[in-house]
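**Q** structure of the sequence below:
(chains A, B, C and D)
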There are 2 protein chains.
Amino acid sequence: MALKNIRIKDIAKLAGVSVGTVDRVLHNRGRVSDEALKKVTSVMEQIDYKPNLIARTLGTNKNYHIAALLPDPNSDPYWSQANTGIIASQLEWEQYGIRIEPFLFDLFDKESFQRLAKKVYEANPDAILVAPIFYHEALPIFELFNESGIPYVLFNTNIPEARPLTFIGQNLYQSGRVGAELMHIGQHHSGTLAVLHIDEDIHESVHLLEKERGFRAYFKEKSKIDFNIVDFTLNVKDPTFSDRLKTLLDDPTLKGIFVSTSKGTAVAASFLAQFGKREIRMVGYDMLDENLKYLRQGTIDFLINQNPKRQASLGISHLVNYLMFKKGAPDTDLFPLEVITQQNIDSYTGSGIH
Amino acid sequence: MALKNIRIKDIAKLAGVSVGTVDRVLHNRGRVSDEALKKVTSVMEQIDYKPNLIARTLGTNKNYHIAALLPDPNSDPYWSQANTGIIASQLEWEQYGIRIEPFLFDLFDKESFQRLAKKVYEANPDAILVAPIFYHEALPIFELFNESGIPYVLFNTNIPEARPLTFIGQNLYQSGRVGAELMHIGQHHSGTLAVLHIDEDIHESVHLLEKERGFRAYFKEKSKIDFNIVDFTLNVKDPTFSDRLKTLLDDPTLKGIFVSTSKGTAVAASFLAQFGKREIRMVGYDMLDENLKYLRQGTIDFLINQNPKRQASLGISHLVNYLMFKKGAPDTDLFPLEVITQQNIDSYTGSGIH
DNA sequence: AAATTAAGTGTGTGCGTACACAAATTAAAA
DNA sequence: TTTTAATTTGTGTACGCACACACTTAATTT
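**A** Residues are numbered from 1 along each chain as shown, chains lettered A, B, ... in the order given. The predicted structure is shown next:
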């Protein structure tokens, strides 16, 4: 009954060697005679040795340093949520001697990304979490990381060419399909559906177009009714922005709006609320405070949650598990496409990390 | 730069006492002079001591034993998922010297619950996870647990009178409201909506009625159209079951069906698929294989995910954190009311624990 | 005054692993 | 055969904390 766990010491005794030799075999770092190796491996095969992770971690006892490269949270509510995840991780892992250092770049400045990325590289951390929102600028950075052998995890945006430890994010095409589905439910009459890409700076175009592709594909496949799907790429800074949006909302055939960005969702919702078109179905992204407000008051019907906070904190977790506990990480960790409605909203905001 | 973490040893040196004394103060187990206490607390106030959890855990090095009391997974797919969570937890915590022992009772046999609960008590575990689906039978058990001082976590079903470490589950009233909302979307014409409680044994009546209450409340509050909401409590074993269900489906005014149980969802969906009423909106519970099949083929429109697997594994996590890492647990951990659709289904099945 | 009890304090060891280093063995060179 | 080098193996210590136990000093009791 009192079945003690098998320890290195026990293996050593069974194999008739010292713990040092067993350790060398286990981590195959050589300096072991063939004879000793055979004895140990033979014992290893017979018993089911599971190293005590606690002891191992204490033994290695490194003070790891993780760099987190992401956009400045002050300039954007979406990235502010991601940063919340970073802060939560800092607290969580502090006691384990893990220091997480944020490197915040300007969301609208590619050069700033490059500069900060270089700083990350120079800081020579043990691992890196990065949101590589600038595709072209990110490529050489990853080559640098690959060369130096520093493990890194991507989140939010995937760069297929990079070879990260893990990519954390969502299937954008499928996300667009979910948006389309939510738009489609109970729409019995033909009309116009608008896909809106609203951004201050269209650097995530590929990102957004992928959602649109899914959105259109869904209607092509699934809808018996023929909808007129139009798309707009709008820049908030554009002086004609407001007029163009109003013109769209004035279209009497408009049945629904799908906005591909979190911030854009808030902007579009504010227009919709202001110009009072209640019967327009609206689907957008993310649980920004503003979006929640519009969801609660019924302007927004559905939000698809990208959960930047959890993406960030899970990214850190993967790195910690990899560094500290020597656990392998999956190469992709695709998040569920969570549907947020007026009625389940509190169940998402109220609880902890799920 | 090489800012080492503060250790007990450091505190001892600063306070001019030994590590033993510091330890006694930290765990306030007495045998310390006022003078020494003052010195240590004064140091403690000035520095921000954070014990190394790894070392602490290794230091105590107990082999904890956790009992999991839940229905037999073989008799029910829902509980089979919960059991999957238990198995995952066993693997996860095995290396930490934590043994999780399942105690499986018969879902349809109250006495079996009592018997197994007693066995749990006699096994004298360090902590207990329990799904107390039999309200009246559970009450005396919790008294027993409370007396013996064994911490326990409830999941799936709440027993307000019990004083568990944590309750893990969902807000059932709100869950019903979400169901109603999903039923309501795009329903422009009046008609009949059926609330179905299908079960082999109606022991969870309170559970189910709470969902119905939320469902009805939503329509009362939110719907401009007046729907005729009818409810049925059906027992699959009842010989008239099939006829009653068919009669309901034949109602030409029937617009939607809301099923309050996971198994019932599969049963109702099979009837709906068989008697081909595509235009009926159907909302049910849980990602049982069968339910997923009907969701994929369009018979079911929405599933609300109760996530029994995660409920179980998170319950274990709370207990482990409490026992091993001395972390406090929240008294309730309400899960998000996840909406599963045809388009986001794969994003839920594909990924790991979220 | 000696013996007992109590209160307070410090030392030491265990937890299981990793790794440095010394010791032992073997092989090769002088 | 002795010396030197190379290879293999064992020992010891650190990691940070918890806890047992022994020890000191002061307060009682005999």
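
**Q** can you pull out the strands in chain A?
**A** A:65-71, A:99-105, A:127-130, A:152-155, A:166-169, A:192-199, A:228-235, A:254-259, A:281-285, A:302-305, A:332-334, A:338-340 (DSSP state E).

**Q** show me the one of those strands that comes nearest chain B.
**A** Proximity of the strands of chain A to chain B was assessed by C-beta to the nearest C-beta; the nearest stretch is strand A:338-340, lying at 4.2 Å. Every residue, glycine included, has its C-beta placed from N, CA and C.

**Q** the closest one pairs with which strands, parallel or anti?
**A** The sheet places strand A:338-340 alongside strand A:302-305 (antiparallel), with pairing taken from DSSP bridges.

**Q** ends of stretch A:295-303, what's the gap?
**A** From the first residue to the last, stretch A:295-303 extends over 8 Å; the measure is C-alpha to C-alpha, to the nearest Å.

**Q** how far is it from where the chain is centred?
**A** 24 Å (C-alpha atoms, centre = their mean, to the nearest Å).

**Q** now it: buried residues?
**A** The neighbour-count criterion (16 or more other C-beta atoms under 10 Å in any protein chain shown) identifies A:295, A:299-303 as the buried residues of stretch A:295-303.

**Q** that older thread, winner for burial among the strands of chain A?
**A** Each of the strands of chain A was given a mean neighbour count from mean count of other C-beta atoms under 10 Å in any protein chain shown, and the largest, a mean of 28, is that of strand A:127-130.

**Q** what about that one, average pLDDT?
**A** With pLDDT averaged residue by residue, strand A:127-130 scores 97.

**Q** nearest residue to residue A:215 in space, please, no chain neighbours.
**A** residue A:176 (4.0 Å; C-beta to C-beta, 6 or more residues apart in numbering or on different chains).

**Q** my guess is the one you found contacts residue A:208, does it?
**A** No: here residue A:176 does not reach residue A:208: they are 9.2 Å apart, not a contact under C-beta atoms under 8 Å.

**Q** the two: which has the busier surroundings?
**A** Neighbour count, other C-beta atoms under 10 Å in any protein chain shown: between residue A:176 and residue A:208, residue A:176 has more, with 27 against 23.

**Q** any idea how far the more buried one is from DNA strand C?
**A** Computed as C-beta to the nearest atom of the strand, to the nearest Å, the residue A:176 to DNA strand C distance reads 45 Å.

**Q** quick one, grab the pLDDT at that residue.
**A** In this model, residue A:176 is scored at 98, pLDDT.

**Q** any weak-confidence spans in the stretch 101-250 of chain A?
**A** A:202-204 (pLDDT under 70).

**Q** show me the helices in it, by range?
**A** Taking DSSP state H, counting those that start in this stretch, the helices of the stretch 101-250 of chain A run over residues A:110-123, A:135-148, A:172-184, A:205-222, A:241-250.

**Q** please identify the most buried of these.
**A** Across the helices of the stretch 101-250 of chain A, averaging neighbours per residue (mean count of other C-beta under 10 Å) puts helix A:172-184 on top, at a mean of 24.

**Q** neighbouring contacts of it?
**A** By C-beta atoms under 8 Å, 6 or more residues apart in numbering or on different chains, the surrounding residues in contact with helix A:172-184 are A:193, A:207, A:210-219, A:222-223, A:256, A:258, A:260, A:281, A:283, A:301-302, A:304, A:306, A:337, A:339, B:341-344, B:346-347.

**Q** tell me which parts of chain A are close to DNA strand C?
**A** Applying C-beta under 7 Å from any atom of the strand, one finds that chain A approaches DNA strand C through A:4-5, A:7-9, A:19-20, A:23, A:26-27, A:51-52, A:55-56, A:58-60.

**Q** at 6 Å what do you get?
**A** Contact residues of chain A with respect to DNA strand C, defined by C-beta under 6 Å from any atom of the strand, are listed as A:5, A:7-8, A:19-20, A:23, A:26-27, A:51-52, A:55-56, A:58-60.

**Q** circling back: can you redo the helices of the stretch 101-250 of chain A as a markdown table with distance to residue A:231?
**A** Below are the helices of the stretch 101-250 of chain A laid out as a markdown table (distance: least, C-beta to C-beta, whole Å):
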| stretch | distance to residue A:231 |
| --- | --- |
| helix A:110-123 | 25 |
| helix A:135-148 | 21 |
| helix A:172-184 | 11 |
| helix A:205-222 | 6 |
| helix A:241-250 | 11 |
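
**Q** mind checking which of those is nearest DNA strand D?
**A** Evaluated with C-beta to the nearest atom of the strand, those place helix A:110-123 nearest to DNA strand D, the distance being 21.9 Å.

**Q** would you put the C-alpha positions of the closest one in CSV?
**A** Presented in CSV, the C-alpha positions along helix A:110-123 are these (Å, rounded to 0.1, in the frame of the first residue of the first chain):
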residue,chain,number,x,y,z
LYS,A,110,6.9,49.3,-37.7
GLU,A,111,10.2,50.7,-36.9
SER,A,112,9.3,50.7,-33.2
PHE,A,113,8.6,47.0,-33.6
GLN,A,114,12.0,46.4,-35.1
ARG,A,115,13.7,48.5,-32.5
LEU,A,116,12.1,46.7,-29.6
ALA,A,117,12.6,43.3,-31.2
LYS,A,118,16.3,44.1,-31.3
LYS,A,119,16.3,45.1,-27.7
VAL,A,120,14.7,41.8,-26.9
TYR,A,121,17.4,40.0,-28.8
GLU,A,122,20.1,42.0,-27.0
ALA,A,123,18.5,41.3,-23.6
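
**Q** so which elements touch that helix?
**A** Packed against helix A:110-123 by the contact rule (3 or more C-beta pairs under 8 Å, 6 or more residues apart in numbering or on different chains; DSSP states H and E) you find strand A:65-71, strand A:99-105, strand A:127-130, helix A:135-148.

**Q** again, 7 Å this time
**A** strand A:65-71, strand A:99-105, helix A:135-148 (3 or more C-beta pairs under 7 Å, 6 or more residues apart in numbering or on different chains; DSSP states H and E).
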